[in-house]
Every structure is written in structure tokens, then in C-alpha cells.
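Enquirer: Quick one, structure for this:
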Amino acid sequence: MEQTEEIYKKIKEIDSEEIRDILKDIVIIDGAIVQEDNLKYKEKVYKDLENKYYTKLNELKYYLYEEKLEDKVDKFVDSPKKDINTMMGLLKLFLIRIAAFEVVDNKKIEDKLNKLNEENSIKNIKQLYEEIDSILLNNI
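Expert: Predicted coordinates:
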């Protein structure tokens, strides 16, 4: 997670047409998270962006993470606002990675992405993402 924040800082400094829209969507998520009273707005932002990036998110095993996170949220979170904020935080994390993939040479992460596509264990996927995030951070 810490690496992802560093990646985000670096990609915000890049002036690239490929990531401009993704960065705008990340800002929209941040704005929705800080909305105190408007749960319907939060849910709309979340669903709209999830649908917009559905294919890329699916390729990156986002939905495995989402499912696991939803289970934890159902057990430990007692507020619908905190629930949707948590889910938007996960979406933001993956949008940061999607933006980083746009600016880093795919050959540097191709092997890890291939392994990710073959993996279904959330534990192994987390390990692969730690490695991928490290590569991204060092190559932006």
C-alpha cells in the first residue's frame, strides 16, 4: 500500500494523455470519499468507475480482492459510508496501478502479469502485487 502511494505521487507528475483520465477518476474517488452525507453519490461514483474500468480490473484480479474485502467489511464495518469508502479505496488502489501500467514499459512487468493471470490464490496475488508495485515504483 505504501508503495502504491509513492507510485501515485510519481504518476501525478507525468503529463501524459494516456493517464490523464485515470488521474481525474482517482480525484473523483477522493472527492466522493470525503463526501459526508451523500451515500447515493458515493455508490454511483463507485459503480460508474468500476463499470468504466471493468475489463482492466478483471484482468488484474480486482474482483478477487473485492470479494475478499467485502467479506471483511461485512464482518467488521458497521456503517454503509465506511463500507463504500473502503471499497472506493480499493478501486483507487487499482486505478493507480492501471495508470502506472500505462507509463511503464510492459516488458519490465510482463512476466509478473502473466503469473498474475494464472494465479487464483489471494495470498499469492498479494505477493505478486508487492513485486509488481516495486517494479513500477522503480521504473516510473
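
Enquirer: ok now do the residue located most distally from the centre of the chain, which residues does it touch?
Expert: Distance from the C-alpha centroid of the chain peaks at D37, with 24.0 Å (Cα atoms, centre = their mean). Remark: with contacts taken as Cβ atoms under 8 Å, 6 or more residues apart in numbering, D37 is in contact with nothing. Every C-beta, even on glycine, is put in place using the N, C-alpha and C of the backbone.

Enquirer: Tell me how far it lies from L91.
Expert: Relative to L91, D37 is positioned 21 Å away (Cβ to Cβ, to the nearest Å).

Enquirer: for the helix-or-strand element of the chain with minimal mean pLDDT, packing partners?
Expert: For the chain, counting by mean pLDDT, DSSP states H and E, helix 62-76 ranks last in confidence among helices and strands (a mean of 76). The elements that helix 62-76 packs onto, with contact taken as 3 or more Cβ pairs under 8 Å, 6 or more residues apart in numbering; DSSP states H and E, are helix 80-103, helix 122-139.

Enquirer: Quick check: buried residues in the helix or strand R20 falls within?
Expert: For R20, the enclosing helix or strand under DSSP states H and E is helix 17-34. Using 16 or more other Cβ atoms under 10 Å as the test for burial, helix 17-34 gives 19, 22-23, 25-26, 28-29, 32-33.

Enquirer: after that helix, next one along is what?
Expert: Beyond helix 17-34 in the direction of the C-terminus, DSSP H and E gives the next helix or strand as helix 39-52.
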